[in-house]
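A.B. asks: Predicted structure and sequence below. I'll ask about it afterward.
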Amino acid sequence: MENITEFTLFAPRNKGAALIGSFSDWKEIPMSKGEDGYFRTQIKLEDGVYQYRFRIQTKSPNYTSDEWIDVIDPKATDVDETEKSSRVRIKDGRRIVDTYLWQYDEMPLPDNRELVIYEMHVADFTGDEVSSHKGGKYLGIIEKLDYLCELGINAIELMPVNEYPGDYNWGYKVRHFFATESSYGSTEDLKRLIDECHGRGIRVFMDGIYNHTDEECPLILIDRNYWYYEYKHYPEDPDNYWGPEFNYNNYDKNLNIKPAWEYISDVVEFWIKEYHIDGIRFDAVRQLANFEFFNWLTKQAKNHAAPKQFYNIAEHIPDTNTVVKPDGPLDACWHESFRHFIIPYICGQSFELEQLKQVLDPKQQGYAIATNVINYLATHDRERVLRELGNCGIFDTAVFQRAKLAATILITAMGVPMLWMGEEFGEYQQKSEDVTKPQKITWSLLSAAQNHDLFEYYRKLIALRQQTPALQSDNIKFFYENADDKVLAYTRWDEQNSHVVIVANFSDKNLNQYKISDFPTAKYLRDWVGNRKVESGEDGLVTDLPKYTAKIFVLQ
């Protein structure tokens, strides 16, 4: 049975457009232009999958003025880069992405305060340790979800999964915003991954790349200077130019719209409604530099996701409290200063108590609440902890001891902790300098005793955080410090009388029978690592503090 299907293309400054496709033997079907800037045509199609393109008189400066060229639909949900065509799927007379049926939409998901995030790259997260046809794909991640649950992860942040050119890339130069990366699997596979995460109480965040695009994004080919800044947005900052940048200041007075605003809003709405994502990490917020747009967009996102909680995260480097609520447009900011100071301290390169206290207590940096900051030791853009330590000549047992110190600080600081894949078991590969070369994490490391021990330490730390409201709170107080000994002690608590104390030794000296004055009093005090009861007196607590070690005490 045939039904009417409408094809539309928004191109307000272009003179002419036509539709061509497999349904017409690639012969032109005329499109008429409305006053709203859309070209439209309607054709009868039976249920099935069809390829198509638009033929348009381009406004791109790369071509002769009004030259006819073929372009992929800028809103295509499936593309064939080899054939340079869009795909449309018709079922029961209407357009669909696929036929996936969601199973776990009603499952409760963790609050932002409860999150422990795991950043991953789909292609590099899995390899030979999963089924042969699932390595480097969405289905491979599904096979690892039980591992992530054992670790205690309750949110994953996927590096970009939009369709990009080629079969391997980090994905930070998007070509097709509505289509998923085909080398990772089908749209159904991605939905199944997200659904299976939800079934296990894991939220899924997506990397949103809305500052710039690939040079062959269809919008560039259609009308470059309508959608993008004509020149670099930040010409004085060439190192942070990654491709043509959306012009969020462009206002089309004839249509009373800001076209880039509308397009990206449609992208965000599509991913929330079609893929049920739980948040977005907005890439290059400093470079995009338009808080008015973000304020509008993030409100749109939360409205689309309601009643489900949605987390809007900024990558703004250097980090700044101006980007987060109550005054800024987003919920959280990647806390780059946390990593920037913690890594040199565990490497023994420097130690500054005031800086340390500021990153452990981001209220001192102007952040209002714990969910305003995402703390991390490594990301896809930064070297892993073991690599940083190795570069400083620290190896073997010492490297794992210091990695545990860093992990303790990460999980017990005020803020939401995030791990970069493999960090929990001591992956040490150097950060890839080429976004087109695969670099799978080394799962075989988990079989080594010290690596597995590090994994177990992370697992127990994360469990402590999940079970201890104090570590999810906005409360932190520094009650003991000694700059000469490089010792800092702080307490975390909440209003329900959950109470944890952390004592950290950042020095290369074992501090035996070390006295910590003003130690909080409690009826019951447990050394979390040693799992034994300890006692503190009126003069404080006396304990052994091995070099580059943090102790955790649970008060009851």
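C.D. replies: Structure's in. What do you need?
A.B. asks: and the helix or strand of the chain with the lowest mean pLDDT, which strands flank it?
C.D. replies: Of all helical and strand segments in the chain, the minimum by mean pLDDT, DSSP states H and E falls on strand 532-534, at a mean of 91. With DSSP bridges as the test, strand 532-534 is paired with strand 525-527 (antiparallel).
A.B. asks: Other residues contacting the partner strand?
C.D. replies: If you take CB atoms under 8 Å, 6 or more residues apart in numbering as the criterion, strand 525-527 is touched by 532-536, 541, 543, 551-556. Glycine gets a C-beta too; all of them are placed from N, C-alpha and C.
A.B. asks: Confirm that residue 316 sits in a helix.
C.D. replies: No - using DSSP: H, G, I helix; E, B strand; the rest coil, the secondary structure at residue 316 is coil, not a helix.
A.B. asks: Can you tell me the closest non-neighbouring residue to it?
C.D. replies: Closest residue to residue 316 apart from its sequence neighbours, by CB to CB, 6 or more residues apart in numbering: residue 285 at 4.3 Å.
A.B. asks: Distance of residue 383 relative to residue 281?
C.D. replies: Distance, residue 383 to residue 281, using CB to CB, to the nearest Å: 20 Å.
A.B. asks: Ok, residue 524 next?
C.D. replies: Computed as CB to CB, the residue 524 to residue 281 distance reads 40 Å.
A.B. asks: Name the residue in these two with the higher neighbour count.
C.D. replies: Neighbours around residue 524 and residue 281, counted as other CB atoms under 10 Å, are more numerous at residue 281. The numbers are 26 against 10.
A.B. asks: I figured that one hits residue 205, correct?
C.D. replies: Yes - between residue 281 and residue 205 there is a contact under CB atoms under 8 Å: 5.6 Å.
A.B. asks: and for those two, which residues touch both?
C.D. replies: Common contacts of residue 281 and residue 205 (CB under 8 Å, 6+ apart): 157, 313.
A.B. asks: a strand runs through residue 193, doesn't it?
C.D. replies: No - going by three-state DSSP, the assignment for residue 193 is helix, not a strand.
A.B. asks: Run through the residues that contact it.
C.D. replies: 138-139, 141-142, 204.
A.B. asks: Got the phi and psi for the closest residue to it other than its chain neighbours?
C.D. replies: Excluding its sequence neighbours, the residue lying closest to residue 193 (CB to CB, 6+ apart) is residue 138, at 4.4 Å. With angles defined as degrees, to the nearest 10, residue 138 sits at phi -60, psi -40.
A.B. asks: Okay, buried residues for whatever helix or strand residue 387 lives in please.
C.D. replies: If you go by DSSP states H and E, residue 387 is part of helix 385-391. Buried residues in helix 385-391, defined by neighbour count with 16 or more other CB atoms under 10 Å: 385-390.
A.B. asks: got it, and stretch 546-556?
C.D. replies: Those would be 547-555, for stretch 546-556 by 16+ other CB under 10 Å.
A.B. asks: List of residues touching that stretch?
C.D. replies: Contacts of stretch 546-556 (CB under 8 Å, 6+ apart): 346, 348, 398, 401-402, 404-405, 408-409, 412, 464, 468, 499-511, 520, 522-529, 534, 541, 543, 545.
A.B. asks: Among these, name the ones in helices.
C.D. replies: Those of the contacts of stretch 546-556 mapping onto helices are 346, 398, 401-402, 404-405, 408-409, 412, 464, per DSSP state H.
A.B. asks: between those residues, which is closest to residue 133?
C.D. replies: Using CB to CB, residue 404 comes nearest to residue 133 of the ones in helices among the contacts of stretch 546-556, at 36.9 Å.
A.B. asks: neighbours around the nearest residue to the closest one once chain neighbours are set aside, how many?
C.D. replies: Closest residue to residue 404 apart from its sequence neighbours, by CB to CB, 6+ apart: residue 457 at 5.3 Å. If you count neighbours by other CB under 10 Å, residue 457 ends up with 19.
A.B. asks: Help me confirm that residue 457 is found in a helix?
C.D. replies: Yes - remark: residue 457 belongs to a helix, assigned using three-state DSSP.
A.B. asks: For the remainder of this discussion, apply numbering that starts at 53.
C.D. replies: With 53 as the first residue, the last one maps to residue 509.
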